[in-house]
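Engineer: pasting the sequence and the predicted model now:
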Amino acid sequence: MAQVRVTVDGVNYADDVEPRTLLVHYLRERLGKTGTLVGCDTSNCGACTVHLNGQSVKSCSVLAVQADGGEVLTIEGLARDGKLHPMQEAFNEHHALQCGYCTPGMIMQAVDLLGDNPDPDEREVREGIEGNLCRCTGYQNIVRAVQSAAQKMKPGAAADTPAPASVAGGGN
Amino acid sequence: MIPAKFDYVKPASVADAVRALREGGDDAKIIAGGQSLLPVLRLRLAAPSLVIDLGGIAELRGIRDDGDRIAIGAMTSYYDILRDDLVKQHVALLGQATETVADNQVRHRGTLGGALAHADPAGDLGAPALALDAEMVIAGESGTRTVPAAEFFVDYFTTAIGEGEILTEIRFPKYTGWGSHYEKFNRTAQAWSMCAVAVAVRVDGGSIAEARVGLTNMGTTPIRATGVEQALVGQQATAEAIRAAADRATEGTAAPSDADAAADYREHLARVLTGRAVLAAAG
Amino acid sequence: MTTTAEPTTTPSPEVGKARVRKEDARLITGRTRYTDAITPQGTLHIHVVRSPLAHAKVLGVDKSEAAASPGVIGVYTAADLGVESVGLPCAWPITPDMKAPQRPLLASSTVHFAGEGVAVVVARSAAEARDAADLVDVDYEELEPVLDMEAALAEGATLVHPDLGTNENATWVLDSGEAGTGGRIGDAIAAAEADPDSVVVKRRFRQQRLIPAFMEPRSCVVDPSGEQLTIYAATQVPHILRTMTTVTMGLNESKVRVIAPDVGGGFGGKIGVLPEEMLCVALANKLRRPVKWTETRSESMLAAHHGRDQIQDITITAKRDGTVTGLDVHLLADMGAYLGLVGPGVPILGAFMYNAIYKIPALKFSCTNVFTTKTLTDAYRGAGRPEATFAIERIMDELAVELGRDPMDLRKQNWIPHEEFPFTTVAGLTYDSGNYEQATAQAVEMFDYDGLRREQEERRRNNDPVQLGIGISTFTEMCGIAPSRLLGSLSYGAGGWEAASVRMLATGKVEVTTGASPHGQGHETAFSQIVADQLGVPFEDVEILHGDTQVSPKGLDTYGSRSLVVGGIAVVKAVDKVIAKARKIAAHLLEASEDDLEFADGTFTVRGTDKGKAIQEIAFAAFVAHDYPEDMEPSLDADAVYDPENFSYPHGTHLAAVEIDTETGRVHLRKYVCVDDVGTVINPLIVEGQVHGGLAQGIAQALFEEANYDEQGTLVNGTLVDYTLPSAADLPNFDTAVVSTPATSNPLGVKGVGEAGTIASTPAIVNGVLDALRHLGVRDIEMPTTSQRVWRAIQEAQGRSTQQTPVDTHSPGAGLGSIDPNNPQEEEVQ
């Protein structure tokens, strides 16, 4: 057994795990974070994508012990204060999911992609999510959703609700 | 999907890692980024008794200017290589090849040292390392030694890293101002290279003054296309001259055959892709 | 509580509105329950020990070391569990003399495909079960594998099941001459051969073996800790699974409950009744603990049923003026080692579609199903119809080449003009509606067909290294499976109806149950739209319940593009009954005659007055039951079972522009346009999504996917590394549109859309690839049209011989990089 201390979706955990425990199994089976899914055993499908220390990773390809001391964000922690992340909203608005199985990983990867490239063109989106397989959508609406979220997330983009007067027009 | 049991250590220094490797014996495996090792463990194609995690050794991470070389710590991630200005300026080919490796998530975790030590002939970083005459710094019990890339790749999944040794740093000569290109051919975006060509050229007054060409997945190791290099030097960078030189791409190769590409098709690809890569690099 | 109906503006109809899906709220936040997330306290986990060999005698199973492994409850063979004589069901005996082997839960004396289970380990944790499985020592004696269908049928072939005396499962024939629906094909061929003004074109096409590759691996949990045995399963067919489980395992149907929680895709791949599911049932009953199985992706690739795998010999006859006079279809279909639930019937689902949209006077279809020592095949998206569409659309192109005609013009000459609907085809089906001219005209315009033809000419003239091809597929399909009587005539073991019920809650909300069990299609949203319109209630007030046999006890589940066309109509029929009951109560409360009531926008009004009752008020009145007509029960709730009279026949025109790098053989799909007629569109967003996904799968058959076996019968690309599913970076944007000629066979006018994209797109791509290369002398390229196959075809057409492609080689350079999971060797990994 080895000890792992990790923060997941804002909560601190300390657990003894077998060193062979994959991060995704730790999340699902020890922490009950079953929103993160397993779709393959060769690191291809990306369904298990989470953020580790601010970067997207396939949580089947990280040992839980390797995440020791780290911070993990899963699909379950993406919405803040009951408000969906713009990427989640965009997936809904653009019908970017059908069975939903690739969706958690796809959204987490898409969020990461926009962190590196806030305004990707179609090709850049397609290449940015090439590590995430979807069998339902043909990807077209996923690409639309990611580009739409990018526009909404741009600094100064019109938010759903008007910003308070004190900061309106700040634009940063 | 569940690896066989193993013990795990995470040393804080290279010396500790070397010690752990010695104590672990034959059944010990090193995990760097883990992006090749973990799939192998999950499918139980390997079942080491001890896994030594280099992730705790800060000195193995980072890229620095080392005079006439760029030195890259073995544990530097693909992602960090891709964003590094020194790499862009002096070893652009490495960045171009790195960009084609797997996908974003894998590039966040995977490391240059891990890829080179793994020595998969279908991997994309061996060919540029070989073409660019990189040097591998290898640490063992009796200190460190340096192995040129030309002697590093020994066979299928086999390198000059000896028992009890660890790859710690990769040093690239500077190719400032060279043109370069990595031309990769695969079945789908996720698939490994069926064949790929790494090219760096120095063009002087419209003619090719120097050329470096490396091939991916054309044998049991990355292969240096010296015939092409020789044929290119002194030539005008025209399509005809480049194509003629590229015809020598298969010299010294031993192309594998598989369902995606039998040897003759791979050889054909190597010639076509070499021509395209040199044209792009020289353009 | 009589209210005066306010004059309100009529709400815009829900049907036709691009509603975003109700389902998504959970799926985008991870608040999901796929089966693997269900682990009741005390659950035991199983791991199946699978044969690495395709065909072998099992001489012995040494369980001792595994049984002693930590956490292991037990290790069992079929004999240990007393299930040696249990056989998994096949529901479709296509002929009276069909040969059907027993398909066991675990192989006892002989294994018949690589991946078949031999023993099962039960342990406290999945990891411990996996660890112990490595310790089970099975002693095999290798037998000759049976891999090639034609060789399997030859005299003296090794038999997969010696007790059957043959490798032939059955031969099924549809002959328009015999049936009286058309002429005799023999006459048509003889006439064409004798006539210098006619042509006979024969081609052989191969439908490669495919893997459905739903994203959620299969999983089940069987929980015996209740009065009913509860089976949670990643299945498309909870109702069929319930019935078949009781039949297979000898249980009382009322003691079994099946729940399909969130299900991550199926595409036909989850219609099975699985050995692993039945093992969990047997073990849960034996051990009195919940028992769980979740497969790995590699297990799924190996052991979950595959699709397609046919050899198609097609002969078409035509006059030189282009008029098609006959079509002869002879198929060999690989069943694999056993028969799946509907496996033998899959090719037959295509039989009626070979004539497609064309007026063909004579048709004969004959299919011989063959056993091999490979993974069994069964339904995969389109099931039989993609094969039919591929064959007819490919041979129409071949005929056009033979006659020197533009392939689109040849199609137009032979298709059924819109004014001739309804049209009874040579296969005996009656197409109720369609307009091929309209869909084609729109597609041709969107595609810029003429412009691309000009560009193609130019590239040919310039000897451009990148050649352009234009691929056409003008398809139709039959969906909405199916009229029960017709299924009966085909010897299918069940009906094709669907059930629904509508419950009006006291607060005016509406619960609808459907027997169609969704796994990504969006039933909850689309069905809510239908009910909202029919009942005049807000979309948000409708709840669609499904996927639990205690909640929606009656149903035949989801496959064959049937959910909307059959299940949706059942919902409409149930709503009709609710409205009829509500009308009685409304008349009673309003003291009016039923005949004087009008129902619109959820309110009954007395004609010519302003008196009215909203459906919600009537629901409350029925709930309190203080005042209702004496001749009825105080309830608005209603059930309906709908059995369709006919199939529905979506159609469309799909056009592909493919660029081929003739130097490398790389095929690049540059542009894809399709115009589909799926009848009335309930939700354009969902329709578009279904088309996109269908296209991706059909295109993947043309370009990327194939399950390869080596000479030993081992699946050599059984991981997602080397079974090359396309990613976003491998596909273009599709340019899709719909036109609509409503179906006349159902009250909504809907036709179904789940399979259309897959059925239509494969031949469009391959026709495009060949169109780009035919002038170089290339005649055919097998699917998938990989760069290597394209390059080799060009070389051979140019008279340059190349070496054979070793399709079955273990794959260095693919696989895990160069690591071959099927043939592991020593490697250094860092």
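Structural biologist: That came through fine.

Engineer: which residue ranges make up the domains of the chain?
Structural biologist: Using chain A. A:2-77, A:86-153 (automatic domain parsing).

Engineer: not what I meant, chain C
Structural biologist: As given by automatic domain parsing, the domain ranges for chain C are C:3-32+C:497-642, C:35-143+C:217-263+C:270-303.

Engineer: ranking the domains of chain A by burial, who's on top?
Structural biologist: Burial of these is given as mean neighbour count (mean count of other CB atoms under 10 Å in any protein chain shown); domain A:86-153 ranks first at a mean of 24. Using the backbone N, CA and C atoms, a C-beta is placed for each residue, glycine as well.

Engineer: start to end distance for that one?
Structural biologist: One end of domain A:86-153 sits 7 Å from the other (CA to CA, to the nearest Å).

Engineer: who does the residue lying closest to residue B:62 once chain neighbours are set aside bridge with?
Structural biologist: For residue B:62, ignoring the flanking residues on the chain, the nearest one in space by CB to CB, 6 or more residues apart in numbering or on different chains is residue B:73 at 4.9 Å. Judged by DSSP bridges, the bridge partners of residue B:73 are residue B:169.

Engineer: out of the domains of chain C, the one nearest chain B is which?
Structural biologist: domain C:35-143+C:217-263+C:270-303 (4.5 Å; CB to the nearest CB).

Engineer: what is the rounded mean pLDDT of the closest one?
Structural biologist: The predicted model gives domain C:35-143+C:217-263+C:270-303 an average pLDDT of 98.

Engineer: contact partners of stretch C:64-82?
Structural biologist: C:44, C:61, C:63, C:84, C:86, C:104-108, C:118-125, C:128-129, C:131-137, C:279, C:282-283, C:286-287 (CB atoms under 8 Å, 6 or more residues apart in numbering or on different chains).

Engineer: list the contacts for residue 63?
Structural biologist: Using chain A. A:19, A:20, A:21, A:22, A:23, B:8, B:31, B:34, B:38, B:51, B:53.

Engineer: let's do chain C instead
Structural biologist: Residue C:63 is in contact with C:75, C:77, C:119, C:136, counting by CB under 8 Å, 6+ apart.

Engineer: likewise residue B:53?
Structural biologist: A:63, A:65, A:66, B:8, B:9, B:10, B:11, B:31.

Engineer: same thing but at 6 Å, please
Structural biologist: Applying CB atoms under 6 Å, 6 or more residues apart in numbering or on different chains to residue B:53 gives the contacts B:10, B:31.

Engineer: chain A: which of the contacts of residue C:63 is nearest?
Structural biologist: Checking the contacts of residue C:63 against chain A by CB to the nearest CB gives residue C:136 as the nearest, at 20.0 Å.

Engineer: residues near that closest one, how many?
Structural biologist: By the criterion of other CB atoms under 10 Å in any protein chain shown, residue C:136 has 22 neighbours.

Engineer: same thing with residue C:211?
Structural biologist: 25.

Engineer: work out for me the element the residue in chain A that chain C sits nearest to sits within.
Structural biologist: For chain A, the residue closest to chain C is residue A:35, as judged by CB to the nearest CB, at 1.9 Å. Residue A:35 is part of no helix or strand, with elements assigned from DSSP states H and E.

Engineer: so it sits against residue A:79, correct?
Structural biologist: No - the criterion here is CB atoms under 6 Å, and residue A:35 misses it with residue A:79 at 11.0 Å.

Engineer: quick one on the thing from earlier: quick one: residues contacting the nearest residue to the residue of chain A closest to chain C once chain neighbours are set aside.
Structural biologist: Setting aside the residues directly before and after it, residue A:35 is nearest to residue C:30 in space (CB to CB, 6+ apart), at 1.9 Å. Counting by CB under 6 Å, 6+ apart, residue C:30 makes contact with A:35, A:75, A:76, A:104.

Engineer: just the pLDDT at the second one, thanks.
Structural biologist: On the pLDDT scale, residue A:75 is placed at 98.

Engineer: let me see the confidence value for the most centrally placed residue in chain A.
Structural biologist: Closest residue to the average C-alpha location of chain A: residue A:108 at 1.5 Å, with CA atoms, centre = their mean. On pLDDT, residue A:108 comes in at 98.

Engineer: same check on the one 3 residues further on?
Structural biologist: Here, the pLDDT recorded for residue A:111 equals 98.

Engineer: can I take it that it is in a helix?
Structural biologist: Yes - under DSSP: H, G, I helix; E, B strand; the rest coil, residue A:111 sits within a helix.

Engineer: got the phi and psi for the residue of chain A at minimum distance from chain B?
Structural biologist: In chain A, the residue that lies nearest chain B is residue A:131 (2.6 Å; CB to the nearest CB). Dihedral pair for residue A:131: phi -90, psi 10, per degrees, to the nearest 10.

Engineer: relative to residue C:37, how far out is the residue of chain A closest to chain C?
Structural biologist: Going from residue A:35 to residue C:37 by CB to CB, to the nearest Å gives 9 Å.

Engineer: now intersect the contacts of residue A:63 with the helices, please.
Structural biologist: Applying DSSP state H to these, the entries found in helices are A:23, B:38.

Engineer: helix, strand, or coil at residue C:619?
Structural biologist: Look at residue C:619: counting by three-state DSSP, its state is helix.

Engineer: please name the nearest non-neighbouring residue to residue C:106.
Structural biologist: Counting by CB to CB, 6+ apart, the nearest residue to residue C:106 once its immediate chain neighbours are dropped is residue C:78, at 4.2 Å.

Engineer: residues near the one you found, how many?
Structural biologist: Here the number of neighbours of residue C:78 (other CB under 10 Å) works out to 24.

Engineer: so who does the closest residue to chain A within the stretch 401-550 of chain C touch?
Structural biologist: Chain A sits closest to residue C:520 of the stretch 401-550 of chain C, with a gap of 3.0 Å, by CB to the nearest CB. Applying CB under 6 Å, 6+ apart to residue C:520 gives the contacts A:98, A:99, A:136, C:265.

Engineer: in what helix or strand does it lie?
Structural biologist: Counting by DSSP H and E, residue C:520 is found in no helix or strand.

Engineer: return the residues in contact with whichever residue of the stretch 151-283 of chain B sits closest to chain A.
Structural biologist: Here the stretch 151-283 of chain B gets closest to chain A at one residue, residue B:189, 4.4 Å apart by CB to the nearest CB. By CB under 6 Å, 6+ apart, residue B:189 lies in contact with A:130, C:727, C:729, C:730.

Engineer: so the residue of chain B most remote from its centre versus chain C, what's the distance?
Structural biologist: The outermost residue of chain B relative to its centre, with distances by CA atoms, centre = their mean, is residue B:205 at 30.7 Å. Counting by CB to the nearest CB, to the nearest Å, the gap from residue B:205 to chain C is 29 Å.

Engineer: now the strands for chain A?
Structural biologist: For chain A, the strands defined by DSSP state E cover A:2-8, A:11-17, A:49-52, A:55-58, A:71-73.

Engineer: low-confidence bits of the stretch 501-650 of chain C, can you list those?
Structural biologist: Of all residues in the stretch 501-650 of chain C, none has pLDDT under 70.

Engineer: run through the residues of it sitting next to chain A.
Structural biologist: When proximity is defined by CB under 6 Å from any CB of the partner chain, the stretch 501-650 of chain C lies next to chain A at C:519, C:520.

Engineer: cutoff 10 Å now
Structural biologist: C:518, C:519, C:520, C:521, C:522, C:525 (CB under 10 Å from any CB of the partner chain).
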